[in-house]
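Enquirer: starting from these lines, generate the structure:
(one chain, ligands or ions: 3)
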Amino acid sequence: MLIEPGELLAQINSPEDLKKFPKDKLVQICDELRQFIIDNVSVYGGHFSASLGVVELTVALHYVLNTPEDQLVWDVGHQAYGHKILTERRERFHTNRLYGGLSGFPKRKESEYDTFGVGHSSTSISAALGMAVASQYKGLTKKQHVAVIGDGSMTGGMAFEAMNHAGVSDTNLIIVLNDNCMAIDPNVGALKDYLTDITTSKTYNKAKDEVWKILGKLSKFGTSAQDVISKVEGGIKSALLNQSNLFESLNLRYFGPVDGHDVNHLAEVLKDLKDIPGPKILHCVTMKGKGYGPAEKGNQTTWHAPGAFDKVTGEIYKTTPSTPQAPKYQDVFGHTLVELAEQDDRIMGVTPAMPSGSSMNIMMKAMPNRAFDVGIAEQHAVTFSAGLATQGLVPFCNIYSTFMQRAYDQVVHDVCLQNLPVVLCLDRAGFAGADGPTHHGAYDIAYFRCIPNLVVSAPMNEEELRNMMYSATLHNGPYSIRYPRGKGVMPEWKTPFEEIPVGQGRIVKEGEEIAILTIGHIGNYAAEACKKLEKEGLNPAQYDMRFVKPLDGELLHEIFGKFKKVITVEDGCLMGGFGSAVIEWMMDHGYQAQVKRLGIPDDIIEHGEQHELHKECGFDPEGIAAAVRSLTEVSKTLS
Ligand SMILES: Cc1ncc(C[n+]2csc(CCOP(=O)(O)OP(=O)(O)O)c2C)c(N)n1
Ligand SMILES: CC(=O)[C@@H](O)[C@H](O)COP(=O)(O)O
Ligand SMILES: [Mg+2]
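Expert: Numbering: from 1, shown residues only. Ligands and ions are numbered 1, 2, ... in the order given. All right, here's what the predicted structure looks like:
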């Protein structure tokens, strides 16, 4: 269903069109852009409040910059809906995040205006600096390079690595810090407090206003912003700032804080900044969800990605099923962690800025001194956990599989080499769905199973998850548990804890001729396939291996002793994954069998609903059944 844009927005298909409007039309354009985002996301879902918070910034940037020649990089990119709508994609925007449609994040192959692919946070300054240095090297001195980074993403270490470098490069780099005091949940850490100090500091703001007034007056007489800044800057700094500015201590010229919702002022400031050489940071203060009451005043975390909603009443549509529903795996994790922590005071919780996404917020609420949101800092989260473990504690460090990629060395170097009892819980393992390839948890089986000392496990259902979490607390070494985004299969899941011996798999269903070996939740797809196949007279066996490392050797001896045809199924990459592990075991133990591996191919799988992607890759229930049929066909023709 196409959403009709407002009168002016309907005339804007590119920043060129935007620039044709006089400045006094920018406020109306912002209002229409904001409404278009509300109209679309209320119907199609997706990320919401972040894009509303940068509507004015987006319009001002594309009004002042010469995009795409001037390069604009969005950090994370979940706030870039306005950017996409203004850059030749308004008429396709209703396909945002849908299978085969626009990506939910900026993507180079989607548009020349998307100068850098994003999705993981804190990369924008590095990327924009790389572009700026390249322009400098090629003598393109007029080109501008802008990174728009949120206060949450600024807590990511990469951002500081980049600013440390930017501070010694005399490149044309503008960092726009979009400060709304929010990450997905409220932002955390000393940086947040610092930004709040600056924003509320009377002295600094008074001085800053003086500077901009002087700028305004002098620029009318042809005095360039550059001259003015250099004259008054020192005065402001020494006379009025009784604390050094963090960013200026890194040799970045700091400007702000400015009102991130005053589109005309933003345009003026950005225009001035273009003429000031060297790396600069503009501190914008905005409200996440600006312009939509429920998102401004309601639960701001909910409105980060609310799903479809009634834009008039603000009611978020929830399906109210007639039968009891299985819980989300993340909630089983959250509640189980509290249960375990209540009976074992060694247990702690750590999340890198995903309290609500991982349901670590359940423990943070119940035991605030034992569960920590460390900011968007996955590397720190893992090594902080390792530090806790050296003191006899058992930290459950919960990181989305895709974001765990950022902390790989910390898992190797700080946890596994030292054989510390850290429990790594990888949520969103397997296809993430509409977030697409930047967020698919495709690689964790492969990247974890090669690390010595690390247990690699995956539950097929909620009861198994609980027992793996419990078993991890008894293991006294590094232990990882992966599970997918979404729901399990057991409405009644609060089962008593039972230890699962490390490396012990289990039989799900007896059968003949073909054995299906599964790992994790995808085993339920195989069980569904077996039901289908029974009606066709086919009766494969199914084994839930539970552990990729260590594999259950005893069970594998039984399987390869009985079956000459084996299918492995994983919601993970085939390259180096679970199926590879089984084949390695088979060869190492002298067995011969035909093994068909089902999983994520060595390719980039775009976004869509999880089931659409499982189908695309052939490991949805029908795909598994088809694999069994084809192996059976082969044996029929051979016999
Ligand atoms: C490396 C990484 N960790 C976690 C996330 C999940 N995530 C997406 S947006 C977000 C919060 C971003 O906050 P901020 O940068 O302030 O942007 P805002 O939503 O406030 O506009 C987080 C934690 C991510 N995208 N990348
Ligand atoms: C933009 C971002 O990285 C997060 O908002 C992510 O999309 C959350 O994913 P879930 O919706 O699976 O929690
Ligand atoms: Mg923020």
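Enquirer: can you name the residue of the stretch 201-350 of the chain nearest to ligand 2?
Expert: Ala305 (5.4 Å; CB to the nearest ligand atom). From N, CA and C alone the C-beta is placed, and that goes for glycine too.
Enquirer: kindly report the same for the stretch 251-400 of the chain.
Expert: Gly357 (3.8 Å).
Enquirer: what about that residue, neighbour count?
Expert: 21 (other CB atoms under 10 Å).
Enquirer: next, count neighbours for the closest residue to it other than its chain neighbours.
Expert: In this structure, Gly357 finds its nearest non-sequential neighbour in Ile184, 6.3 Å apart by CB to CB, 6 or more residues apart in numbering. Neighbour count for Ile184, taken as other CB under 10 Å: 22.
Enquirer: show the pLDDT at Ala515.
Expert: The score at Ala515 is 98. That number is its pLDDT.
Enquirer: torsion angles phi and psi at the residue nearest to it when sequence neighbours are not counted?
Expert: Excluding the flanking residues, the one nearest Ala515 by CB to CB, 6+ apart is Phe563, at 4.1 Å. Phe563 adopts backbone torsions of phi -120, psi 140, taken as degrees, to the nearest 10.
Enquirer: now do the contacts for Phe563.
Expert: By CB atoms under 8 Å, 6 or more residues apart in numbering, the residues touching Phe563 are 513-515, 541, 593.
Enquirer: in the stretch 101-250 of the chain, what residue comes closest to ligand 2?
Expert: Ile184 (5.7 Å).
Enquirer: what pLDDT, on average, does stretch 467-483 get?
Expert: Per-residue scores along stretch 467-483 average to 98.
Enquirer: let me fix that, I meant to ask about stretch 274-293.
Expert: Across stretch 274-293, pLDDT averages out at 96.
Enquirer: that stretch close to ligand 3?
Expert: No - Stretch 274-293 is not in contact with ligand 3 by CB under 5 Å from the ion; minimum separation 6.1 Å.
Enquirer: roughly how far does the nearest residue to Gly167 once chain neighbours are set aside sit from Ser480?
Expert: Nearest non-adjacent residue to Gly167, counting by CB to CB, 6+ apart: Asn251, 3.6 Å away. Between Asn251 and Ser480 the computed distance is 41 Å (CB to CB, to the nearest Å).
Enquirer: helices along the stretch 501-639 of the chain, start to end?
Expert: 523-534, 553-562, 578-588, 610-616, 621-638 (DSSP state H, counting those that start in this stretch).
Enquirer: right, and these - which one's nearest ligand 1?
Expert: Closest approach to ligand 1 among the helices of the stretch 501-639 of the chain (CB to the nearest ligand atom): helix 610-616, 18.2 Å.
Enquirer: tell me what the closest one is packed against?
Expert: Helix 610-616 sits against helix 621-638, with contacts defined as 3 or more CB pairs under 8 Å, 6 or more residues apart in numbering; DSSP states H and E.
Enquirer: so for the helix it packs on, mean pLDDT?
Expert: For helix 621-638, the mean pLDDT works out to 84.
Enquirer: not including adjacent chain positions, what is the nearest residue to Asn66?
Expert: Per CB to CB, 6+ apart, closest to Asn66 is Gln144, 7.5 Å.
Enquirer: likewise for His607?
Expert: Closest to His607 by CB to CB, 6+ apart is Gly436, at 3.2 Å.
Enquirer: pull the number of nearby residues for that neighbour.
Expert: 21.
Enquirer: contacts only, for it.
Expert: Contacts of Gly436 (CB under 8 Å, 6+ apart): 97, 103-105, 119, 606-607.
Enquirer: check which helix or strand covers it.
Expert: Here Gly436 is covered by no helix or strand, with elements defined by DSSP states H and E.
Enquirer: separation between it and Met545?
Expert: Using CB to CB, Gly436 is found at 28 Å from Met545.
Enquirer: now swap in Ser457 and tell me
Expert: Shown here: Ser457 relative to Met545, a distance of 10 Å by CB to CB.
Enquirer: what's the burial count for the nearest residue to His120 once chain neighbours are set aside?
Expert: Nearest residue to His120, sequence neighbours excluded (CB to CB, 6+ apart): Thr438, at 6.1 Å. Neighbour count for Thr438, taken as other CB under 10 Å: 19.
Enquirer: do the same with Thr301
Expert: With other CB under 10 Å as criterion, Thr301 counts 19.
Enquirer: one more: Ser359?
Expert: Using other CB under 10 Å, Ser359 has 24 other residues around it.
Enquirer: also Asp193?
Expert: As a burial measure, Asp193 scores 10 neighbours (other CB under 10 Å).
Enquirer: pLDDT score for it?
Expert: Note on Asp193: pLDDT of 93.
Enquirer: is the strand or helix carrying it anywhere near ligand 1?
Expert: Secondary structure assignment for Asp193, by DSSP H and E: helix 190-200. No - with CB under 6 Å from any ligand atom as the criterion, ligand 1 is not reached by helix 190-200; the gap is at least 9.5 Å.
Enquirer: got the contact list for that helix?
Expert: With CB under 8 Å, 6+ apart as the test, helix 190-200 has contacts from 151, 154-155, 177, 179, 181, 204, 243, 245-246, 256-257, 283, 285, 375.
Enquirer: quick one: buried residues of it?
Expert: Across helix 190-200, burial judged by 16 or more other CB atoms under 10 Å covers 191-192, 195, 198.
Enquirer: of those, closest to ligand 1?
Expert: Comparing the buried residues of helix 190-200 against ligand 1 with CB to the nearest ligand atom places Lys192 closest, at 9.5 Å.
Enquirer: right, and the helices of the stretch 501-639 of the chain - which one's nearest Ala386?
Expert: When the helices of the stretch 501-639 of the chain are compared by CB to CB, helix 578-588 sits nearest Ala386, at 25.7 Å.
Enquirer: who are the packing partners of the closest one?
Expert: Here helix 578-588 touches helix 444-449, strand 547-549, helix 553-562, strand 565-573, strand 594-600, going by 3+ CB pairs under 8 Å, 6+ apart.
Enquirer: list of residues touching it?
Expert: Helix 578-588 is contacted from outside by 445-446, 449, 517, 519, 545, 548-549, 551, 553, 556, 560, 566, 568, 570, 572, 574, 592-593, 595, 597-599, using CB under 8 Å, 6+ apart.
Enquirer: now do the contacts for Asn361.
Expert: Counting by CB under 8 Å, 6+ apart, Asn361 has contacts 185, 334, 355.
Enquirer: let me know the distance separating the first one from Gly520.
Expert: For Asp185, the distance to Gly520 (CB to CB) stands at 27 Å.
Enquirer: show me which of the two is the more surrounded one.
Expert: Set Asp185 next to Gly520 and count neighbours by other CB under 10 Å: Gly520 wins out with 29 against 20.
Enquirer: got a pLDDT number for that one?
Expert: At Gly520, pLDDT is 98.
Enquirer: swap in the one 3 residues further on?
Expert: With respect to pLDDT, Gly523 scores 98.
Enquirer: now do the one 4 residues further on
Expert: On pLDDT, Ala527 comes in at 98.
Enquirer: go on, the one 10 residues further on?
Expert: What the model reports as pLDDT for Gly537 is 96.
Enquirer: repeat that for Pro321.
Expert: 81.
Enquirer: count the residues that sit near it.
Expert: 7.
Enquirer: swap in Lys365?
Expert: Look at Lys365: counted by other CB under 10 Å, it has 12 neighbours.
Enquirer: please apply the same query to Asp310.
Expert: With other CB under 10 Å as criterion, Asp310 counts 11.
Enquirer: can you say which of the contacts of Phe563 are buried?
Expert: By 16+ other CB under 10 Å, the contacts of Phe563 give 513-515, 541 as buried.
Enquirer: circling back: dump the buried residues of helix 190-200 into JSON lines; add distance to Ala128 as well.
Expert: Shown next, in JSON lines, are the buried residues of helix 190-200 (distance: CB to CB, whole Å):
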{"residue": "Leu191", "distance to Ala128": "20"}
{"residue": "Lys192", "distance to Ala128": "23"}
{"residue": "Leu195", "distance to Ala128": "20"}
{"residue": "Ile198", "distance to Ala128": "22"}
